[in-house]
Each structure stands twice: as structure tokens, then as C-alpha cells.
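>>> Whatever this is, show me its structure:
(one chain, ligands or ions: 2)
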Amino acid sequence: LNFASRGIPTAVCNREIDWIAPFLQEAGPLADHLSGAETLQAFVASLETPRLILMMIPSGAPIDAMIAQMQPLLDAGDTLIDAGNADFNDTRRRSSDFAGTGLHFVGMGVSGGEEGARTGPSMMVGGSEHSWAQLRPVLEPIAAEFQGLPCVAHVGPDGAGHFVKTVHNGIEYADMQMIAEVYGLLRDHAGMPAADIGAVLAGWNDGPLSSYLIETTAKVLQTIDPETGKPLVDLIQDQAGQKGTGRWTLIEALKLGQSASTIEAAVGARAWSSAKEARVAAADVLPAGALDVVLPAPDVLAQALFAGRILAHIQGFEILRAASAEFTWALGLAEIAEIWRAGCIIRSSFLDDLAEMLRASGSEPVLLVPAVGELLTPILPALRQTVSAAMQAGLPMPAMAAALSWYDSARQARGTANLIQGQRDAFGAHGFRRVDHDGVHHGNWGA
Ligand SMILES: NC(=O)C1=CN([C@@H]2O[C@H](COP(=O)(O)OP(=O)(O)OC[C@H]3O[C@@H](n4cnc5c(N)ncnc54)[C@H](OP(=O)(O)O)[C@@H]3O)[C@@H](O)[C@H]2O)C=CC1
Ligand SMILES: O=C(CO)[C@H](O)[C@H](O)COP(=O)(O)O
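Residues are numbered from 1 along each chain as shown. Ligands and ions are numbered 1, 2, ... in the order given. Okay, the predicted model is just below:
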């Protein structure tokens, strides 16, 4: 529908063909730019060559099966685009399978949910220059715009687009989790009703926290269930789903030797949320935290959340920086932040500032950019106060606590790894380097 609304002739196809006719009917006048096909053969035959075919179906086996069905129908010069969320390792494999066939494979991250897809998503294209030249004229018109600039970019070759989207989702998981942690403090320690918490968040959306996720969360908290008249959020099971992108970010960050502690906390919190029975049983038998903890004021919570958001984004971008070096992708980190300023789920006013910070960082860690320190210095005490309050009250705050600990580790000139090296040498003779001599040394431990 988005393509059609820009006058781009578009054919559609779906596995369950019953959806096609109602879709075209509901398209109204846009149907002038649309045609439906009930078989893949008819669909492919209806397209102008060289063809651009965009798939948005579940990742993994369904994509492999679809490629296998589609490939024999295509001609040299055609481009097949996987626009769903995919494990970038799969995208690299598929790109390499296509190499030399005359066909082109693109792994494209798309973000913006249902509304973004329809009115303007943010898109991260991974593929060849040839594919980008083919795609650009049809993607720029359908993309979200930030100050007149389309939120779409050719971020790199093969798996780069899906990797960038995966990290986007990792940051999304962390941001959602941190918002949920503050919600938990207000709900379980302050006893605030959902709608009141929603009103607090709606107020925050006018300040530095301004973002789609804060705005959406405020709406979610203020929505009433028509059946019961109660806040709908209170009627939802406290068990979160996940399709895999958060976990993929974490796995790849670990492989790259990067810390993704806020994302790990968010993935772990979703996983742990499914252990409902165990949590209910434990609540009755294991001791809780203190009741007399003073809850930080709402503006302190807002500052804490903003500090957590900044640190989670920085972690995500350091993962991208490491991947760029590992896979020689030459990712433009500032450009990635720029195409996330509109259309995508993590769009926020902070991303505009972050783009500048990333540009200033060059090849240095972004934490060292003076503007980052200037932004964090006044709000870090709020993060410390909020995390301490939650810990004392016995309320979980895994992502915000992880963000804070990561920050404290990142700025600790002399860390504690000297002891780890001593331990490793004591039990495994692994050796260590001394601060005062070159070479590898061993201790005569316990002597
Ligand atoms: N929902 C969102 O906001 C976003 C989703 N994505 C990604 O987009 C992709 C699609 O997600 P979404 O639309 O949410 O929902 P689903 O993942 O449920 O995908 C639904 C579509 O996939 C088709 N489909 C399902 N299984 C197969 C199969 N084995 N072979 C062929 N077609 C199949 C369905 O066809 P049928 O009608 O026949 O079942 C339907 O058209 C996923 O990779 C997702 O991660 C990315 C960004 C945002
Ligand atoms: O990519 C998306 C948003 O950017 C999709 O909504 C995705 O499904 C979100 O991930 P999960 O389902 O694991 O919460």
C-alpha cells in the first residue's frame, strides 16, 4: 500500500491466497497501482524486468523455502529482497549462494511496525551497489522522512542491513525493558495506577525522553479494556514474547568481544518472565526487599531512564563498530543513527544528538566524546539513586543496573582484572603481564 500510494506499480502475492482479493478491495483507489497474483509463477511473470521482489515473511526455514521456489522463476538482473528480520549469518550465506548466478540478494532491515510499513518505515539496506542503485528510486519515496531526508540507506554489503536491524532491535529490547523497570517501581513501590503512570510518561515525552516508545507506552498504560473497564495492561499476562533479534544481538556481541549487558538484561528478563509458576511460588517463600525505601521523584526517574537509554544506545553502536571492523563493512555509524531518527521503533530526539556524537567520535569509543560526558554528568546521579532505590526495595531493575555498571566499568582506569589474571595463573598457570616488566610471568602463589 505504501508503494502504491507513491504511484509505484506493485504486484502482491501471499501464501494463503484468500487474503489477496480482500486486500485489493480494501486498497480502494490505491488498487489502481496494484495487481494480485495467486501463484508465484503468475506473480513473477507480472513484474517488469529486472524484477524487484520483496519478501516479508518469518525468518529461517520459510525464507529458504521461498527462495528455493522463487529462484528458478527469476532471470539475470533480478533482485530478491528479504525485508523481514533475519539472522545476518543466514543473509551472508544466501548472498554468497546468489553470487555468480546473475541474481541479486538483498537483506534489508525494516522498522516501524504496521503503521511505519504503511506510511514510512526506516530501512537499512544490505547488498551490492547494483542492488542499491535498483532499489533506491523505490525505497526513498516510501521511507519515513526526517527534516526532508529519507530514512533509508545502503549500510553495507551482504548481511550488513540485517545486522544493523538486529542491533536496532537489541536497543529496542533494552529501551522497552528500562521503561518497564521504571513502570515496575511506580506500580509496585509507589502503588500508582496504570493510567497515572501513563500520564507521567506522557509528560516525559515532551522532554529529552521524547520518543516513539515513551509515547506508545503512555498510550498502552492509559488504555481501558472495554469489557471490564479496567486498565488493559493490568489484564495482560506478565509473560513476554520474543522472535529472536534481541538474542541474536547478544550472541553476535559476545562473538565480537563486546558488552551488550543492557540487551542481555532485557533478553533475560523476557525469558525469565515465562517462568510464571516458579515466580509465583517463590514470591511466597523468599524474602522481599525493604518497604521503607524512599522512591525517587518522577523527574529523577526520568533522568535515570534517559541515562540508561544513552548507555544502551552507546553499547549498541559499539557492537556495530566492532562488526564493521570484523566484516570490513565500513558502516557509517552516524548515518545509521540518522536513518533511525524517524520511522523506526526506537526513533527519539536523542538519536539526532547521538548522530553528531558518533560523527565526532571517529574511530574512538563514543563514550569519550566530550558531548557524551556533558550529557551524562548531570543525570548519572539520578541513575545511581534510582537503581539503589530499586535494589533496596527488592524490585528488579536489571537493564538500568547493567547500564550503570557498564558505565562504571568503562571509566575505571584500574579495573579488577588483575585479580582475575592472578586467579587464572594460580589455578591454570595461564600467565599474566606485569605493570612494571615486559613479558609473561607466573606467580609463586601461596608461597
Ligand atoms: N510486525 C512488525 O512490526 C515487524 C515485522 N518484521 C519482520 O517481518 C516479517 C513478517 O512479520 P509479520 O508480518 O509481523 O508477521 P509474520 O511473521 O507472522 O508473517 C506473516 C506473513 O508471512 C507469511 N508466511 C508465514 N509463514 C510462511 C511460509 N512458511 N511461507 C511463506 N509465507 C509465510 C504469511 O502468509 P499467510 O497469510 O499465508 O500465513 C504472512 O503473509 C518477520 O521477519 C518479522 O520479524 C520486521 C519489522 C517489523
Ligand atoms: O522488528 C520489529 C520491530 O523493530 C518487530 O516488531 C519484532 O517482531 C520485534 O521483536 P520481538 O517480536 O522479538 O519483540
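>>> Tell me how many other residues surround Gly241.
Look at Gly241: counted by other CB atoms under 10 Å, it has 7 neighbours. Using the backbone N, CA and C atoms, a C-beta is placed for each residue, glycine as well.
>>> How about the one 3 residues further on?
Using other CB under 10 Å as the criterion, Gly244 is surrounded by 17 other residues.
>>> i'd like the first residue to be 293 from this point on
Okay, using 293 as the starting number, the last item reads as Gly536.
>>> which residue ranges form the helices in the stretch 493-642 of the chain?
Along the stretch 493-642 of the chain, counting by DSSP state H, counting those that start in this stretch, helices occupy 504-514, 537-547, 553-565, 568-577, 590-618, 625-631, 641-653.
>>> Any residue of stretch 352-371 touching ligand 1?
Yes. Stretch 352-371 reaches ligand 1 (CB under 6 Å from any ligand atom) through 354, 358.
>>> how about that stretch, does it reach ligand 2?
No. Contact of stretch 352-371 with ligand 2 (CB under 6 Å from any ligand atom) is absent, the minimum separation being 13.6 Å.
>>> Need the mean per-residue confidence for that stretch.
What stretch 352-371 shows for mean pLDDT is 97.
>>> Buried residues in that stretch, which are they?
Neighbour-count burial for stretch 352-371, counted by 16 or more other CB atoms under 10 Å, picks out 355, 358-359, 362, 366, 370-371.
>>> what distance separates that stretch from the centre of its chain?
Here the centre of mass of C-alpha atoms in stretch 352-371, compared against the chain's by CA atoms, centre = their mean, to the nearest Å, lies 27 Å away.
>>> Span of that stretch from start to end?
Stretch 352-371 has an end-to-end distance of 19 Å (criterion: CA to CA, to the nearest Å).
>>> Now for the closest residue to Leu546 other than its chain neighbours, how many residues are close by?
Once flanking residues are discounted, Leu546 sits nearest to Ala552: 7.3 Å by CB to CB, 6 or more residues apart in numbering. Neighbours of Ala552 under the rule other CB under 10 Å: 29.
>>> Quick check: phi and psi at Ala552.
Backbone torsions of Ala552, given as degrees, to the nearest 10, read phi -130, psi 40.
>>> Around ligand 2, pick out the residues from the stretch 393-542 of the chain.
Residues of the stretch 393-542 of the chain lying near ligand 2 (CB under 6 Å from any ligand atom): 403, 405, 461, 464, 534-535, 537-538.
>>> ok, which residues in the stretch 493-642 of the chain are in contact with ligand 1?
Going by CB under 6 Å from any ligand atom, the residues of the stretch 493-642 of the chain near ligand 1 are Lys535.
>>> List of residues touching stretch 592-603?
For stretch 592-603, contacts defined as CB atoms under 8 Å, 6 or more residues apart in numbering pick out 466-467, 470-471, 474, 477-478, 496, 499-501, 503, 554, 588, 640, 642, 646, 664, 667-668, 670-672, 674-675, 677-679, 691-692, 695-696, 698-699.
>>> go on, stretch 420-438?
294-295, 298, 300, 342, 344, 371, 373, 396, 398, 404, 408, 411-415, 417, 419, 442-444, 446, 449, 630, 633-636, 639, 644.
>>> Tell me which entries of those residues lie within strands.
Residues of those located in strands (DSSP state E): 344, 371, 373, 396, 398, 414-415, 417, 442, 444, 446.
>>> Burial check on the nearest residue to Tyr504 once chain neighbours are set aside, number of neighbours?
Leaving aside its sequence neighbours, Tyr504 sits nearest to Arg639 (CB to CB, 6+ apart; 4.9 Å). For Arg639, the neighbour count with other CB under 10 Å is 25.
>>> same check, this time on Ala721
Ala721: 10 surrounding residues under other CB under 10 Å.
>>> how far away is it from His422?
54 Å (CB to CB, to the nearest Å).
>>> And for Trp496?
On the measure of CB to CB, Trp496 and His422 end up 45 Å apart.
>>> more neighbours, the two?
Just comparing Trp496 and His422: by other CB under 10 Å the higher neighbour count belongs to Trp496, 23 against 12.
>>> which stretch of helix or strand covers Gly714?
helix 709-720 (DSSP states H and E).
>>> ok, now which ones touch whichever residue of the chain sits closest to ligand 1?
Here the residue of the chain nearest ligand 1 is Gly376; by CB to the nearest ligand atom that distance is 2.4 Å. With contact taken as CB under 8 Å, 6+ apart, Gly376 is in contact with 347-351, 355, 402.
>>> State the pLDDT value of it.
pLDDT recorded at Gly376 is 97.
>>> quick revisit: mark which of the contacts of stretch 420-438 are buried, thanks.
Counted by 16+ other CB under 10 Å, the contacts of stretch 420-438 give 294-295, 300, 342, 344, 371, 373, 396, 398, 404, 408, 412-415, 417, 419, 442-444, 446, 449, 630, 633-636, 639, 644 as buried.
>>> for the most far-flung residue of the chain relative to its centre, what are its contacts?
Largest separation from the mean C-alpha position in the chain: Ala739, at 51.0 Å (CA atoms, centre = their mean). Applying CB under 8 Å, 6+ apart, one finds that Ala739 lies in contact with no residue.
>>> Distance-wise, check Val456 relative to Arg384.
Taken as CB to CB, the span from Val456 to Arg384 is 14 Å.
>>> of the two, who's got more company?
Applying other CB under 10 Å to Val456 and Arg384 shows that Val456 carries more neighbours, namely 30 against 20.
>>> doesn't Asp717 make contact with His734?
Yes. Using CB atoms under 8 Å, His734 makes contact with Asp717 at a distance of 5.8 Å.
>>> anything in contact with each of the two?
723-724.
>>> Quickly find the element holding the residue nearest the centre of the chain.
Central residue of the chain (CA atoms, centre = their mean): Asn461, 1.6 Å from the mean position. Using DSSP H and E, Asn461 falls within helix 452-480.
>>> and that helix, what's its mean pLDDT?
The average pLDDT for helix 452-480 rounds to 98.
>>> residues contacting Val586?
Per CB under 8 Å, 6+ apart, neighbours of Val586: Ala681.
>>> Before we move on, what's the pLDDT of it?
95.
>>> Enumerate the residues of the stretch 543-692 of the chain near ligand 2.
Counting by CB under 6 Å from any ligand atom, the stretch 543-692 of the chain sits next to ligand 2 at Ile637.
>>> Looking at the stretch 543-692 of the chain, which residue is nearest ligand 2?
Ile637 (4.3 Å).
>>> give the contact list for Glu630.
438, 441, 443, 445, 643, 647.
>>> Selection in PyMOL covering whichever of these are buried, please.
To isolate the buried members of the contacts of Glu630 in PyMOL, using 16+ other CB under 10 Å:
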select buried, resi 438+443+445+643+647
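>>> now the contacts of Glu630 in TSV, with distance to ligand 1?
As requested, those are arranged in TSV below (distance: CB to the nearest ligand atom, whole Å):
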residue	distance to ligand 1
Phe438	19
Leu441	21
Cys443	14
Ala445	17
Leu643	18
Ala647	22
